Every structure is written in structure tokens, then in C-alpha cells.
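Chemist: what would the 3D arrangement of this be:
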Amino acid sequence: MTSPPAHMRIAEQLRDRIASGAWAPGARLPAERMLAAQLGVSRMTVRQALAALQLEGRISRRTGRSGGTFVAEELPEVELSSMRGFMGQLSEAGHDVTSEVVAACLQPASAEAATALGLDPGAEVVRVHRLRLVDGTPVLVEDSCFPAALVPGMLEYDLTGSLYAILAEVFGQAALSKTEALTTAVVGAADGKLLRIGAAQTVLRLTRTSFTQAGTPIEYSADTLRTDRLRITVSTPSHGR
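Modeler: You can find the predicted model right below:
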């Protein structure tokens, strides 16, 4: 049997230290050079292992004079497949969830949005660009587009609350199903500034298309999510074998 890559073995050892309580939540990890010496591997291997743990949300990295690598605090958990959305789930769990509207306007659909929404190239969409905060900490940048013809006057409503509630209650266009794709990326400058994180930090990019009961695409969204502030789970229905 082929042995796993060295950084995966090191990542597992570091996970064990966190799980055992040897490194408590909030504790600063030793420097990469020290970890490499302790574990008998190269600094590059340690760096790759730490990157894996950061992506999992087990550690966080801070820049500046008081920076370093720290064991993540216990993270709120959200279910990816739920139609309640991340912020709805966190609100139900007792967290203070707020929104700041970065931009809201009518504009021609991008190529990606037009394809996802089944629109002609350049068709008009309502774009709502928001920053979502949990307990006062920026966690998610949402960039959503809606077919303008299906949501006339949407910009006149309060866009700091549930957009899905507006779709359902005002326009009769309830979003009842969705398809999503999740990838990793290095945060861009604009999103990094909104999320108050360093330029080199890894984030999750979530693209979503939501559909009405009739199967009509009603929303296309490209979101940027901090990996150090949420733990994402995915549930699948059980089926008989």
C-alpha cells in the first residue's frame, strides 16, 4: 500500500495534538521552523500540513506584531445542503447575524450569471452585494444576481434581511432547491478588505444557483467564505442498500 504524502501524515499528527487538548483553542502554535525540527521534516512539509488544517478551520493565521498561527476557537457549524442558508442557520442557533449592503443595482448579467439564470447575454439582473457578519465578525461576502424581470422593484425593499423571504413573500418566487459548487481560493484584495483578513489567506468560493418550484432559476450567487470562522458540514439522505 502506498504511504500518504508526508504533509498528510504531519497534518494528522497536528490534528491529534489539537483533538487531545495538547494545544487548546486559542493557543499559539510553535513556529514552522520549530515544528519542522520537532517532527523531523522540512519547513515546506509543515507549511503544507498547516495549510490543510487552516482549510479545515482547525487553525487560523494572523499577521502583524501579535500574529502567528493559532488553534481555532470552537466554530459555529452550518449545513451546506440546507435551504435555510448559512446565516439563517446561525441565527436560529442564537448568533447575532447582521448584513451590510456593499452595492445594490440593476446591471447587465455577466456571462456566468446569464448562463446560470438562463438569460440572454447582457439581460438585466438585480445585483445585491452584501457583507454578512456573525457576532460582529465579517464571515461571508455574498454577490447575488436575480432576473430583473421576475423581481421588479426589488431594490426598493430592505436588503439587509432575508433575500429569500423577499423572493417568496413579495414576488411569489420562493427558492426551493439549489445547486452549489465549492472550491478553495486565495482571497482577492476587495473581499479580503471586507472580511478583514490578510491577502494570502485561503477562503472558500461558493457558487450557487437557486430554483423555484417550477424549476425556474431565480438566483445566481458567487460567495466568499472565511474558513476560520465557520465549520461546514454536508448531510446526505440515507438509502437502502
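
Chemist: only C-alpha atoms from now on, for both contacts and neighbour counts.
Modeler: Will do.

Chemist: where does the chain dip in pLDDT?
Modeler: 1, 75, 81, 235-241 (pLDDT under 70).

Chemist: where do the helices of it begin and end?
Modeler: 6-20, 32-39, 43-55, 85-92, 111-117, 163-169, 189-195 (DSSP state H).

Chemist: just the residues contacting the fourth one, thanks.
Modeler: The set of residues that contact helix 85-92 without belonging to it, under C-alpha atoms under 8 Å, 6 or more residues apart in numbering, is 76, 77, 78, 79, 80, 96, 97, 132, 134.

Chemist: name the nearest residue to the fifth one, ignoring sequence neighbours.
Modeler: If I follow you right, that is residue 80. residue 234 (5.4 Å; C-alpha to C-alpha, 6 or more residues apart in numbering).

Chemist: and that neighbour, how far is that from residue 78?
Modeler: Remark: distance between residue 234 and residue 78 (C-alpha to C-alpha, to the nearest Å) = 9 Å.

Chemist: sorry, back to before: thought the residue nearest to residue 80 was touching residue 79?
Modeler: Yes: with contact defined as C-alpha atoms under 8 Å, residue 234 counts as touching residue 79 (5.7 Å).

Chemist: with adjacent residues omitted, what lies nearest to residue 132?
Modeler: residue 99 (4.6 Å).

Chemist: okay, now the one you found: neighbour count?
Modeler: Neighbourhood size, residue 99 [other C-alpha atoms under 10 Å]: 20.

Chemist: please apply the same query to the one 4 residues further on.
Modeler: When neighbours are defined as other C-alpha under 10 Å, residue 103 has 11 of them.

Chemist: list the contacts for residue 183?
Modeler: Residue 183 touches 204, 205, 206, counting by C-alpha under 8 Å, 6+ apart.

Chemist: for it, give the beta-bridge partners.
Modeler: residue 205 (DSSP bridges).

Chemist: what's around residue 31, how many residues?
Modeler: Neighbour count for residue 31, taken as other C-alpha under 10 Å: 12.
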